[in-house]
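[1] Just need the structure, nothing else, for what follows:
(one chain, ligands or ions: 2)
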Amino acid sequence: MAPVTRNIGLSLGADICWPLCFEGIMRKLDLHVRHKGDTVSFNVERVSIEPFNLRQDVKYDVVVDRLTHWYHTSREWIKKGVLMDGLYVFNNPWSVQSMEKHTSYAAMMALGMPIPETWMVPPKAYTPEQVDVRATLRQYARLFDLGKVGEQVGYPHFMKPYDGGGWRAVSRVADEKSLRANYEKSGTQVMHLQAAVHPFDRFVRMVGFGPQSHAVLYDPDAPLHDRYTMKREEEFLTPKERQLLEDTLLTINTFFGWEFNSCESLRGADGTWYPIDFANPCPDSQVTSLHYHFPWLVKSYLRWSIYCATTQRKMRKTLDWEPYYEVAATDRSYEEKLAEYGRIARKRLEADKFEEFCQKHLSHLDEVAWEFFGTQEAKDAVRKKVAALFPAHEVEQFTELFWKRIQHWRAEQKA
Ligand SMILES: Nc1ncnc2c1ncn2[C@@H]1O[C@H](COP(=O)(O)OP(=O)(O)O)[C@@H](O)[C@H]1O
Ligand SMILES: [Mg+2]
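    Numbering: from 1, shown residues only. Ligands and ions are numbered 1, 2, ... in the order given. As a prediction, this is how the structure comes out:
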């Protein structure tokens, strides 16, 4: 048995709470995984930002990345690592960079998903530095009647940036007057108008990590710290609905090469689940929004990282969409197609092998994590995140609130 060490790098920005818990639990797990004649242990490090030679080795086997979507030096270092050094990273940096909301809508419409009617409109304003703008618009831009587009989308609808995230510039449009007012304000942003799922009686955010998924009942009208409700999946989803939402999520994720992502779907009056926002490949991982669900997230980060690092799973460098389009082209019902996409997804994510691996090597993770989330170390991690986000006079109160919710999770788990 040769002892080997696999290096897991955390490429981080403002994340505080989950990495501290990830590192703490990893230490307590003290893993020595027997894999193909080796005994594998793990070294977790935070990736630093510094000049690099393109030909210099990358020491990491797996990098968990939270920077690619906005910090380009790290993104380009990761790309070089994938291309030259066999690095495994989630998420695929090329895909994160180029697949915004609009692409994700178009691709999933092509696969038959019930995305609400969505239009794109040219922007209200242009930046003066774009030298060819005048000539281009004068020749080719058709004058259009925004009111007519609004009518075709229907009211109410949502105006939101085609590459949006974090509720930036999202507005609910009730009538033509408010459509025109919002368009005036939209400036240089390229906007979608999307029919509202209205009314809806369930709003679910599915979070995915490799083949793992978790459903959260979401309350968009609540303040940030209460949007993730503490309901358990079986309280708001039938097993059939859960399967549908998981297949939807895993289809999206494997199509785009995203190993962690979240998908928001609303259940409309006709009982259909409409996905509305699912290009979130650096999903919210903060205890300040996830609280009760935070331990699930940390455990999922750990399981998938440990699995990929141990088995030296090969990173899928290109996306290969053809198998999905082949299924889409058949005359099966959407339900049957979705089940088939789900099968492709689980195969790509080695779902069966992963489950077996977790049973064999990580069966103590649940207990170790349960213990960890009762320690001062975990509470300090929560407090640090709260202190980074809340005004000083609220730190104590919100640390206690989130901590209480995690303890509620522990009590439930124990029962
Ligand atoms: N088609 C829609 N129907 C109903 N609500 C919507 C729709 N689109 C957006 N919303 C509401 O607006 C919020 C933000 O829009 P979303 O598409 O999720 O953008 P972001 O990527 O910025 O989170 C959603 O959480 C939801 O509450
Ligand atoms: Mg959203």
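[2] now the spatially most central residue of the chain, which residues is it bridged with?
    For the chain, the residue nearest the mean C-alpha position is residue 261 (1.9 Å; Cα atoms, centre = their mean). Taking DSSP bridges as the rule, residue 261 bridges to residue 208.
[3] Check which helices and strands the lengthiest helix in the chain sits against.
    Ranked by number of residues, the top helix in the chain under DSSP state H is helix 395-414. Applying 3 or more Cβ pairs under 8 Å, 6 or more residues apart in numbering; DSSP states H and E, one finds that helix 395-414 makes contact with helix 287-290, helix 294-311, helix 365-372, helix 376-389. Every C-beta, even on glycine, is put in place using the N, C-alpha and C of the backbone.
[4] quick one: average confidence on the first one?
    If I follow you right, that is helix 287-290. Averaging pLDDT along helix 287-290 yields 98.
[5] hmm, who's touching it?
    17-18, 224-225, 227-228, 284, 294, 297, 381-382, 385-386, 389-390, 398, 402, 406 (Cβ atoms under 8 Å, 6 or more residues apart in numbering).
[6] can you give me the helices for the stretch 101-250 of the chain?
    Using DSSP state H, counting those that start in this stretch, the helices of the stretch 101-250 of the chain run over 101-110, 133-140, 146-153, 176-185, 233-236, 239-256.
[7] Now tabulate those in JSON lines and tack on distance to ligand 1.
    Listed next are the helices of the stretch 101-250 of the chain as JSON lines, based on distance: least, Cβ to the nearest ligand atom, whole Å:
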{"stretch": "helix 101-110", "distance to ligand 1": "6"}
{"stretch": "helix 133-140", "distance to ligand 1": "27"}
{"stretch": "helix 146-153", "distance to ligand 1": "10"}
{"stretch": "helix 176-185", "distance to ligand 1": "13"}
{"stretch": "helix 233-236", "distance to ligand 1": "16"}
{"stretch": "helix 239-256", "distance to ligand 1": "14"}
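[8] Mean pLDDT lowest where, among those helices?
    Mean pLDDT per stretch puts helix 133-140 lowest among those, at a mean of 93.
[9] How far off centre is it?
    In terms of Cα atoms, centre = their mean, to the nearest Å, the centre of helix 133-140 is found 38 Å from the chain centre.
[10] Skip the chain neighbours and tell me the closest residue to the closest residue to ligand 1 within the stretch 1-150 of the chain.
    As assessed by Cβ to the nearest ligand atom, ligand 1 sits closest to residue 116 within the stretch 1-150 of the chain, at 4.7 Å. Leaving aside its sequence neighbours, residue 116 sits nearest to residue 195 (Cβ to Cβ, 6 or more residues apart in numbering; 4.2 Å).
[11] My guess is that neighbour contacts residue 152. True?
    No. Judged on Cβ atoms under 8 Å, residue 195 makes no contact with residue 152 at a distance of 9.6 Å.
[12] what about the two, which has more around it?
    residue 195 (19 against 11; other Cβ atoms under 10 Å).
[13] hey, what's residue 193 bridged with?
    Under the criterion used (DSSP bridges), residue 193 bridges to residue 119, residue 159.
[14] Please list the residues of this structure that sit near ligand 1.
    Residues of the chain lying close to ligand 1 by Cβ under 6 Å from any ligand atom are 116, 158, 160, 164-168, 170, 194, 196-197, 220, 264, 266, 276-277.
[15] Buried ones only from those residues, please, as a PyMOL command.
    To isolate the buried ones among these in PyMOL, judged by 16 or more other Cβ atoms under 10 Å, type:
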select buried, resi 116+158+160+164+165+170+194+196+197+264+266+276+277
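[16] Filter the residues of the chain next to ligand 1 down to just the ones in strands.
    Counted as lying in strands by DSSP state E, out of the residues of the chain next to ligand 1, are 158, 160, 194, 264, 266, 276-277.
[17] Present the residues you listed as CSV; the columns should include pLDDT.
    Converted to CSV, those look like this (pLDDT from 0 to 100):
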residue, pLDDT
158, 98
160, 98
194, 98
264, 98
266, 98
276, 98
277, 98
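[18] Which one of the residues you listed is nearest to residue 93?
    Nearest to residue 93 among those is residue 277, at 21.2 Å by Cβ to Cβ.
[19] quick one: average pLDDT of stretch 341-354?
    pLDDT averaged over stretch 341-354 gives 98.
[20] So which bits of it are buried?
    So, applying 16+ other Cβ under 10 Å, buried residues of stretch 341-354: 341-342, 344-346, 348-351, 354.
[21] May I ask which two of the ones in strands among the residues of the chain next to ligand 1 are separated the most?
    160 and 266 (14.4 Å).
[22] If anything else comes up later, I'll come back, but that's it for now.
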